[in-house]
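[1] Based on what follows, work out the 3D shape:
(6 chains)
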Number of protein chains: 4
Amino acid sequence: MADVIEAAARILETSGAETLTTNMIAEVAGVSPGSVYQYFSDKQSIISALIAREAHEFMKVSHDAIEECSGLEAMIGFSKALTLHRLQRPKLTLQLILLDPTLTASSESAKINEEIYNLLVDIVNESSVLDDKTASVFVMDIMAIMRGMMLGEFLNQDRIDDLPDRIADAVAGYWSRRIQAVSKCD
Amino acid sequence: MADVIEAAARILETSGAETLTTNMIAEVAGVSPGSVYQYFSDKQSIISALIAREAHEFMKVSHDAIEECSGLEAMIGFSKALTLHRLQRPKLTLQLILLDPTLTASSESAKINEEIYNLLVDIVNESSVLDDKTASVFVMDIMAIMRGMMLGEFLNQDRIDDLPDRIADAVAGYWSRRIQAVSKCD
Amino acid sequence: MADVIEAAARILETSGAETLTTNMIAEVAGVSPGSVYQYFSDKQSIISALIAREAHEFMKVSHDAIEECSGLEAMIGFSKALTLHRLQRPKLTLQLILLDPTLTASSESAKINEEIYNLLVDIVNESSVLDDKTASVFVMDIMAIMRGMMLGEFLNQDRIDDLPDRIADAVAGYWSRRIQAVSKCD
Amino acid sequence: MADVIEAAARILETSGAETLTTNMIAEVAGVSPGSVYQYFSDKQSIISALIAREAHEFMKVSHDAIEECSGLEAMIGFSKALTLHRLQRPKLTLQLILLDPTLTASSESAKINEEIYNLLVDIVNESSVLDDKTASVFVMDIMAIMRGMMLGEFLNQDRIDDLPDRIADAVAGYWSRRIQAVSKCD
DNA sequence: TATGAATGAGAATTCATTCAT
DNA sequence: TATGAATGAATTCTCATTCAT
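    Next comes the predicted model:
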């Protein structure tokens, strides 16, 4: 099962989503096409499982990065952890974002995604009192910025070494500007 | 020809890239499958033409938004113009980003993309003296932030009315933080 | 009309039967696809007309080659005339043989073919008294030998300059051997 | 796999090359269209495999026909064996000659073709000393005569019973005439 | 449970032919 | 009469999925 998922990951990395056929997955995983369907109901669920795996892996890293920090500092910690984590397999990250930008393909990854979302909402609420909707949009934007910048970098691979810092700056920049904007409204 | 491109756009909006078949495009365009190939050599070139159309439309808006401004002000003008433009057809924007994040699918859209890129590099160079590489990464990041936030919003459609402002804040935040970071390095 | 036929010929020569489309014929002939159908009921009738044209051209040469000769000498004269004639456009000959080995695609070329056939039967009958069936097979074989050797040579283009002599030898060889064989039977 | 090849053969025999579609092959073979592509990469490779099959079958017969003979006698033995072999499925032979007159469609049949070619060159060299080029043309001509006469007969089916003898006479006739012609040149 | 050959619906594309202008 | 855009049936080939072994 893990082999099948990893096979899908490797195919995405080496030749992209168009070549991701179930027969190819089976071949790379070293099993028969029929066996793949013993564990996965269909092709989409393999992709979903891969996304869930990646989300899971990240969750482990995520908590450590935030603890003992709060507010913007915690958010920056989070963004750097996410970026460093995804830098390990940039091509894969790129392909997964294109396949499922929201990470909600499976209920499992959707759940993990929500956990992360709640984590970030908590961080935001520690330092400012925003109504639910505003906090939600705030967090979504920050995730979108991170996702967008990773996607951009992984497409160009121009200056991958300082990507974590650049993303941190983008997040911090958004945070400080936006907190002001949101406060003004009240 | 325009009908075929618009048909592709509508299919992307209503049911996404998987249902974008050449037969479906022909049907929605109200022509026969054969007719599609009178104007387009293959399926990809329809998509490329659609992307080129969108890029073209945006270019018209783009110049107006920037003129008489400079520096950050110009960049914010640009980001708002882009966002407002893409807000007209958010679902389509989303699908096109997923199909071709770099806008380089066709030589024509690649050219327009480069024009926009040069426009932004000029804006950056007006206010700060950065070496070529740094300016390039700077501009790429800003485009990535915009792309990421649009993609995020169009997936959720939570608070679309203040998206231009939020993107402008993100761009401004990145700009001010990053100019400092880059200056420190010198 | 002649332009259309010649266009078909040229396409056969340059790129073979697979690329012989009606649209291509029209383009090479410098007319519109619709115009082609003013003169020809369908694609096959263009090919038939081309075959008829070639048969016709050859008939002109044919009579001259035979007159004042008789028997084997006349037959050799005929074979050399045919070979020299077809050597002018070997590629075309090759393609036409493959398209219609019997030259009976159209009633017109079938008629010319029969004329030639009768000519050769007369030649045979001048020197030997064979029953109709035997004479018929005799002539058919000679035509088949010529066709086969031309086809072979035009595929390889090895030694095209002495092809007429080689074919003449083959014809003469068949003639002399076969006359004996046929006589024995009686 | 053999079923698919035989299906192609039968279609060629009954209705010719225009009706030889991959769907029809699958239907006649009693399998699904997809199954055809399990064994053959594309349509052409089915045809090539059929040609290779025929060439292979003939090779088995070929050696026996020649052994213990030499010179013209061996060549006549060969020509009779070939003719008798192809007489088993004349319609198929006809269609295959039109599809691939040189038998070089596949590397496998090309190889077999070369084997046969070498066999015949050896036969020629046993009785006469010809330079390479002359021997090559000599053998090619003999093969062309056989091919041409089979093609002619299979089109008309006039007197199929004495075809082997007629072809043998044609070959013998060419041989004796041509050996003289070639010797004169020296 | 694992296999992998077989499936067959469906995709992209072609091209002989038509017909409104 | 000439045009050439439009047609649409037919073709090759793919691939997610199944099921007998």
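
[2] Check whether stretch A:41-58 comes near DNA strand F.
    Yes - Stretch A:41-58 reaches DNA strand F (C-beta under 7 Å from any atom of the strand) through A:D42, A:K43. Quick note: C-beta positions are derived from backbone N, CA and C, even for glycine.

[3] Now A:G30. Its backbone dihedrals?
    With angles defined as degrees, to the nearest 10, A:G30 sits at phi 80, psi 30.

[4] Check the burial of it by counting its neighbours.
    Look at A:G30: counted by other C-beta atoms under 10 Å in any protein chain shown, it has 10 neighbours.

[5] cool, and A:A17?
    Count around A:A17 with other C-beta under 10 Å applied: 12.

[6] Any regions of chain A where pLDDT drops low?
    A:184-186 (pLDDT under 70).

[7] Which element, helix or strand, includes the closest residue to DNA strand E within it?
    Nearest residue of chain A to DNA strand E: A:G34, at 1.6 Å (C-beta to the nearest atom of the strand). Per DSSP states H and E, A:G34 falls inside helix A:33-39.

[8] cool, A:I5 as well?
    Judged by DSSP H and E, A:I5 forms part of helix A:2-15.

[9] what does that helix contact?
    A:19-20, A:24-26, A:28-31, A:36, A:39-40, A:46-47, A:49-50, A:53, A:89, A:91-92, A:95-96, A:99 (C-beta atoms under 8 Å, 6 or more residues apart in numbering or on different chains).

[10] what's downstream of it, the next helix or strand?
    helix A:22-29.

[11] Run the contact check for that following helix versus chain D.
    No - Helix A:22-29 stays clear of chain D (C-beta under 8 Å from any C-beta of the partner chain), getting no nearer than 11.1 Å.

[12] mind listing what's buried in that helix?
    A:T22, A:I25, A:A26, A:V28, A:A29 (16 or more other C-beta atoms under 10 Å in any protein chain shown).

[13] Then stretch A:103-115?
    Those would be A:L103, A:T104, A:A105, A:S106, A:S109, A:A110, A:I112, A:N113, for stretch A:103-115 by 16+ other C-beta under 10 Å.

[14] do the same with stretch A:53-62
    A:R53, A:E54, A:A55, A:F58, A:S62.

[15] Counting only helices, which of the residues you listed make the cut?
    Mapping the buried residues of stretch A:53-62 onto helices (DSSP state H) picks out A:R53, A:E54, A:A55, A:F58, A:S62.

[16] which residues does the second one contact?
    I take that to be A:E54. Taking C-beta under 8 Å, 6+ apart, one finds A:L92, A:T93, A:L96 in contact with A:E54.

[17] you'd agree the second one is up against A:F154?
    Yes - using C-beta atoms under 8 Å, A:T93 and A:F154 qualify as a contacting pair, with a distance of 6.0 Å.

[18] A:R89: neighbour count?
    Counted with other C-beta under 10 Å, A:R89 comes out at 17.

[19] ok, now how distant is the spatially closest residue to it that is not a sequence neighbour from C:T93?
    Ranked by C-beta to C-beta, 6 or more residues apart in numbering or on different chains and with sequence neighbours excluded, the top spatial neighbour of A:R89 is A:E13, at 6.8 Å. Using C-beta to C-beta, to the nearest Å, we find A:E13 at a distance of 56 Å from C:T93.

[20] Check A:D162 too.
    A:D162 is 71 Å from C:T93, by C-beta to C-beta.

[21] so what are the domain limits for chain A?
    A:1-40, A:53-185 (automatic domain parsing).

[22] Please work out which of the ones you listed is packed deepest.
    When these are scored by mean count of other C-beta atoms under 10 Å in any protein chain shown, the highest mean neighbour count falls to domain A:53-185 (a mean of 18).

[23] In chain A, what residue comes closest to chain C?
    A:E18 (28.6 Å; C-beta to the nearest C-beta).

[24] What residues does the residue nearest the centre of chain A make contact with?
    Centroid-nearest residue in chain A: A:A55, 6.5 Å away (criterion: C-alpha atoms, centre = their mean). A:A55 makes contacts with A:L103, A:E108, A:S109, A:I112, A:N113, A:I116, as judged by C-beta under 8 Å, 6+ apart.

[25] mind putting those in TSV, distance to D:A81 and secondary structure included?
    Shown next, in TSV, are these (distance: C-beta to C-beta, whole Å; DSSP: H, G, I helix; E, B strand; the rest coil):
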residue	distance to D:A81	secondary structure
A:L103	71	coil
A:E108	71	helix
A:S109	70	helix
A:I112	75	helix
A:N113	75	helix
A:I116	79	helix
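
[26] which one of these sits closest to chain B?
    Nearest member of the contacts of A:A55 to chain B, counting by C-beta to the nearest C-beta, is A:L103, at 10.4 Å.
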